[in-house]
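> Got a sequence here, can you build the structure:
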Amino acid sequence: MSPNKEHKTDYLILGILGALTAGVLFAFVFWGWVKENRTGLPGIRTTQSTNVDAVIVCYTLFERLGISVGRSETILLDNAFDKSGVLFLLDPIIPVHSGEIKEIKAWLLGGGVLICTDVPKGLHPDLDKLGKGKNILCSSTCRINQKPKKLNPIQTTSIPSEHKNLPLARDISSIFLKTHEIVDVNVFDPNDPRTAFEPLLLDSFGPRMVEYKLGRGRIILVSDSSFLANGQIGKQDNSVLAVNLVSYALSQAKNKSVLFDEYHLGFGHHKSGLSVLSWMMFTTPAGWTVVSLTIAGVLFMFYKGRRFGTRRGFAKGRRRSKLEYIYAVGSTYHSAGANRLTLELILNWLKRKVTNSAGLAQNASNGAIATKLSLRSDLNSQGYKEVLDKCDRYITQADFSERQLLLTIKQLAQIEKEVFNERRKRK
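Prediction:
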């Protein structure tokens, strides 16, 4: 297999493994999203789920009626809802803290309308008196003066004729609620002008919704928000009641838009499972450590799983010159004091190599050898001839110094390098 094909195979294997990993990760994430969006948690009034207890159907109904509706997925601070006229705060599972209560109160005083199932403590001393009673039958004056009556947990209730003139009772004959809870307003008395609580809807059990004016705004307390749920909004006149509620609230609000609180239901940016994990991973030292180690591990596996760059064979380094071996042998003779023999051995090897490669006779003259050397190296033949003549002269002398021997051997080695090694590189 060629290097290119092997290189493509590495990428193919890595691509398949990456696709499988991404597919498995996406399957887990998608399964979690589907499970959260399709089932949700029981009793949670979120607008982001199709669970029977959620209120996405009500949210969609308001949209189709042309009402400007949105979701608040952040804490109720920093003007998060200033541009909204109506705020739904239904059955929160995360408590509303004091800082949010101050913001809500300022918003109410400016003309906002809060629809809630439990009034946050601290908005006003009168509101802290509000509570919920169960299984109570009220008289027309709505004073709690009768004994509890044992009833079924879920049933359809009717609107008494004497209460059909209330603001939210228009076009409603009966409603379906999951509980018998009513607003426990012991201080309510329609004949007392000092009271601040006004009834909006009463059924056969008592006040289901009341209103409290706070500055230019209003608080609408709902005893049971189940009529807004996906599973109940289509029963009896529940959908009409939902429209009556939001229409009345918008008519009293300064701004004509509706906002559903999601943060206090656990669906805020920092409260859902995926967002909490992301927030911790990228904003805390421990999270950055995990991210860094994960990236390092992935890069290490990527490094170990493939080769970088184009594959190459073993590098062909410059082969050692045979003259170097001759020089090593000559050094042995030189150490024994045989200078003449050392030079003669190296010179004869070089001449024999040139004559064999150039087709000259073994007894060719130095001039002929120098000419062939110059042809192979493109250099002047006169310098080669002088070196060869000098070597012949040293050999015939009775004695010559070690310095002369070393210089001459270096010159011969340079000739061998220029003529043979450099020519091989050019080829």
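> Tell me the spacing between residue 405 and residue 128.
Distance, residue 405 to residue 128, using C-beta to C-beta, to the nearest Å: 114 Å. In this view, the C-beta of every residue, glycine as well, is placed from N, C-alpha and C.
> now do residue 251
With the distance defined as C-beta to C-beta, residue 251 ends up 27 Å from residue 128.
> if I look at residue 396, how far off is residue 344?
Counting by C-beta to C-beta, the gap between residue 396 and residue 344 amounts to 10 Å.
> So for those two, which sits in the more crowded spot?
residue 344 (17 against 7; other C-beta atoms under 10 Å).
> doesn't the more buried one fall inside a helix?
Yes. Counting by DSSP: H, G, I helix; E, B strand; the rest coil, residue 344 falls inside a helix.
> ok now do the closest residue to it other than its chain neighbours, which residues does it touch?
Distances taken as C-beta to C-beta, 6 or more residues apart in numbering put residue 395 closest to residue 344, at 5.3 Å, once the chain neighbours are dropped. Each residue near residue 395 by C-beta atoms under 8 Å, 6 or more residues apart in numbering is listed here: 340, 343-344, 347.
> Can you tell me which of those is closest to residue 62?
Nearest to residue 62 out of the contacts of residue 395 is residue 347 (C-beta to C-beta; 107.2 Å).
> helix, strand or coil for the closest one?
When classified by three-state DSSP, residue 347 comes out as helix.
> Which pLDDT does the model give it?
pLDDT recorded at residue 347 is 79.
> Can you tell me how far the closest residue to it other than its chain neighbours is from residue 369?
With sequence-adjacent residues excluded and distances taken as C-beta to C-beta, 6+ apart, residue 347 is closest to residue 391, at 4.7 Å. Distance, residue 391 to residue 369, by C-beta to C-beta: 11 Å.
> Tell me if I'm right that residue 215 and residue 110 touch.
Yes. If you go by C-beta atoms under 8 Å, residue 215 and residue 110 touch, sitting 7.2 Å apart.
> ok so, going back, possible to save the contacts of residue 395 as TSV with distance to residue 257?
What follows is the contacts of residue 395, written out as TSV (distance: C-beta to C-beta, whole Å):
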residue	distance to residue 257
340	112
343	106
344	109
347	105
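> which one of those residues has the most neighbours?
Most neighbours among those, by other C-beta under 10 Å: residue 343, with 23 neighbours.
> quick one: the helices in the stretch 201-350 of the chain?
238-252, 273-283, 285-305, 322-335, 339-358 (DSSP state H, counting those that start in this stretch).
> Which element, helix or strand, includes residue 404?
Element membership for residue 404 (DSSP states H and E) is helix 402-416.
> For residue 76, which non-adjacent residue is spatially closest?
Among residues not flanking residue 76 along the chain, residue 100 sits closest, at 4.2 Å (C-beta to C-beta, 6+ apart).
> Show the low-confidence segments of the stretch 251-400 of the chain, by residue range.
Within the stretch 251-400 of the chain, the segments meeting pLDDT under 70 span 269-285, 287-288, 300, 303-338, 378, 398, 400.
> can you list the residues that contact stretch 110-121?
Stretch 110-121 is contacted by residues 81, 84-92, 96, 100-101, 104, 108, 127-128, 130, 212, 215-225, 245, 249-250, 252-255 when judged by C-beta under 8 Å, 6+ apart.
> Now a PyMOL select for only the buried ones of the residues you listed.
Of the contacts of stretch 110-121, the buried ones can be selected in PyMOL as follows, counting by 16 or more other C-beta atoms under 10 Å:
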select buried, resi 81+84+85+86+87+88+89+90+91+92+96+100+104+108+127+130+212+217+218+219+220+221+222+223+224+225+245+249+250+252+253+255
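> Could you tell me which of the contacts of stretch 110-121 belong to strands?
86-89, 212, 217-222 (DSSP state E).
> out of the contacts of residue 395, who's nearest residue 175?
Taking C-beta to C-beta as the measure, residue 347 is the one of these closest to residue 175, at 120.9 Å.
> And the closest one, how far from residue 387?
According to C-beta to C-beta, residue 347 and residue 387 sit 10 Å apart.
> Quick check: neighbours shared by those two?
Common neighbours of residue 347 and residue 387 (C-beta under 8 Å, 6+ apart) are residue 412.
> how about the residue nearest to residue 347, secondary structure?
Secondary structure assignment for residue 391 (three-state DSSP): helix.
> Over to residue 15?
The three-state label given to residue 15 by three-state DSSP is helix.
> And for the residue lying closest to residue 379 once chain neighbours are set aside, the neighbour number?
Once flanking residues are discounted, residue 379 sits nearest to residue 418: 6.8 Å by C-beta to C-beta, 6+ apart. When neighbours are counted by other C-beta under 10 Å, residue 418 registers 16.
> correct me, but residue 418 touches residue 377?
Yes. When contacts are counted by C-beta under 8 Å, residue 418 is listed as touching residue 377 (4.9 Å).
> From residue 345, how far off is the residue nearest to residue 379?
For residue 418, the distance to residue 345 equals 21 Å [C-beta to C-beta].
> Can you give me the domain assignment for the chain?
Following automatic domain parsing, one finds the domains of the chain at 3-30+278-305, 39-271, 322-426.
> Kindly compare burial across those and name the winner.
Among the domains of the chain, judged by mean count of other C-beta atoms under 10 Å, the one packed with the most neighbours on average is domain 39-271 (a mean of 18).
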